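Trainee: With the input below, show me the fold.
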Amino acid sequence: MHHLHKILTSLPSHVRLVAVSKTILPDVLMEVYRSGHRVFGENRAQELIAKQPLLPADIQWHFIGHLQTNKVKYIAPFVEMIESVDSLKLLKEINKEAAKNERVIKCLLQFHIAKEETKYGLDIQEAEELMAHPDLPSMHNIIISGVMGMATFTEDEGQVRQEFRKLKKIFDDLKDKHFPDNPSFCEISMGMSDDYRIAVEEGSTIVRLGSAIFF
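Mentor: Numbers count the residues shown, from 1 in each chain. Just a heads-up that it's a prediction; the model follows:
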């Protein structure tokens, strides 16, 4: 796991690394766990539901993929953070299932910043509608902790940098407008194995790395 150690030492102290464990077998994940790492991410609910019982209970699981509302109940008992909230409907469901489990789940609002249409995420208008919704103040079992986004998969570093800057600006605007005195709203999750260095330069606080660690 020399990749992990090398990456961790290169990251600024305020940036957390989520080890993205999709398709990686539990025994390989245990090597990473034994090295001291505790934050893992999955982007498919089925895979997370299958793996979680096989691994230590103190792992902080981040869900980072598109989440269907009917899958929330399966991950609500243990998930630390859901990074991919892209609708009020999903946020309500997370709050409901977190309440059933007497838990509070951290959530990031996912924004569509890439050129690719295949990516999920809110736009500014949808986010403002969500923030203004009368039901939001009564959702006591979720904490909106920040924003998440994925840049376009491209060799064009300038474009990637521009997209990350866009997400940082969205974060700053939301912070000023809706969370000025709320220290919980502090996370910008952007940057994957190919582009995390640019993301860190542009203000990322969480990077989601899979192939950079495991391959």
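Trainee: buried residues in whatever helix or strand Val28 lives in?
Mentor: If you go by DSSP states H and E, Val28 is part of helix 26-34. Neighbour counts over helix 26-34 (16 or more other Cβ atoms under 10 Å) mark 29, 32-33 as buried. Yep, even glycine has a C-beta here, placed from its N, CA and C like the rest.
Trainee: where does this protein have low pLDDT?
Mentor: Low-confidence regions of the chain, defined by pLDDT under 70, span residues 1-2, 118-119.
Trainee: about what we covered before: what is the distance between the helix holding Val28 and the centre of its chain?
Mentor: Per Cα atoms, centre = their mean, to the nearest Å, the displacement of helix 26-34 from the mean C-alpha position of its chain is 21 Å.
Trainee: Ramachandran angles for the residue nearest the centre of the chain?
Mentor: Of all residues in the chain, the one closest to the mean position by Cα atoms, centre = their mean is Glu83, 2.9 Å from it. Torsion angles at Glu83 (phi, psi; degrees, to the nearest 10) stand at phi -90, psi -10.
Trainee: ok, it - contacts?
Mentor: By Cβ atoms under 8 Å, 6 or more residues apart in numbering, the residues touching Glu83 are 41, 62-64, 107-108, 110, 148, 189, 206, 208.
Trainee: Just the ones in strands from those, please.
Mentor: In strands, judged by DSSP state E, the following of the contacts of Glu83 are found: 41, 62-63, 107-108, 110, 148, 189, 206, 208.
Trainee: Farthest-apart pair in those, please.
Mentor: Maximum pairwise distance among the ones in strands among the contacts of Glu83 (Cβ to Cβ): 15.5 Å, between Cys107 and Arg208.
Trainee: Looking at the contacts of Glu83, spot the one nearest Ile124.
Mentor: Gln110 (13.0 Å).
Trainee: So in terms of bridging, what pairs with that closest one?
Mentor: On the basis of DSSP bridges, Gln110 is bridged to Met148.
Trainee: now do Glu42
Mentor: Going by DSSP bridges, Glu42 forms beta bridges with Phe63.
Trainee: OK, contacts around it?
Mentor: If you count contacts by Cβ under 8 Å, 6+ apart, Glu42 has them with 20-22, 48, 51, 61-65.
Trainee: And for Val15?
Mentor: 200, 204-207.
Trainee: Against which helices or strands is the lengthiest helix in the chain packed?
Mentor: The single longest helix within the chain, with elements called by DSSP state H, is helix 157-178. Contact partners of helix 157-178 among helices and strands, from 3 or more Cβ pairs under 8 Å, 6 or more residues apart in numbering; DSSP states H and E: strand 105-111, helix 124-132, strand 142-149, strand 187-189, helix 196-201.
Trainee: Please identify the buried residues of that helix?
Mentor: Buried residues in helix 157-178, counted by 16+ other Cβ under 10 Å: 160-161, 163-164, 166-168, 170-171, 174-175.
Trainee: and Phe215, how far is that from Gly36?
Mentor: 21 Å (Cβ to Cβ, to the nearest Å).
Trainee: what do you get for His133?
Mentor: 41 Å.
Trainee: who has more neighbours, these two?
Mentor: His133 (13 against 10; other Cβ atoms under 10 Å).
Trainee: wait, what's in contact with the more buried one?
Mentor: If a contact means Cβ under 8 Å, 6+ apart, then His133 has Leu88 as its contacts.
Trainee: I am finished for the moment; much appreciated.
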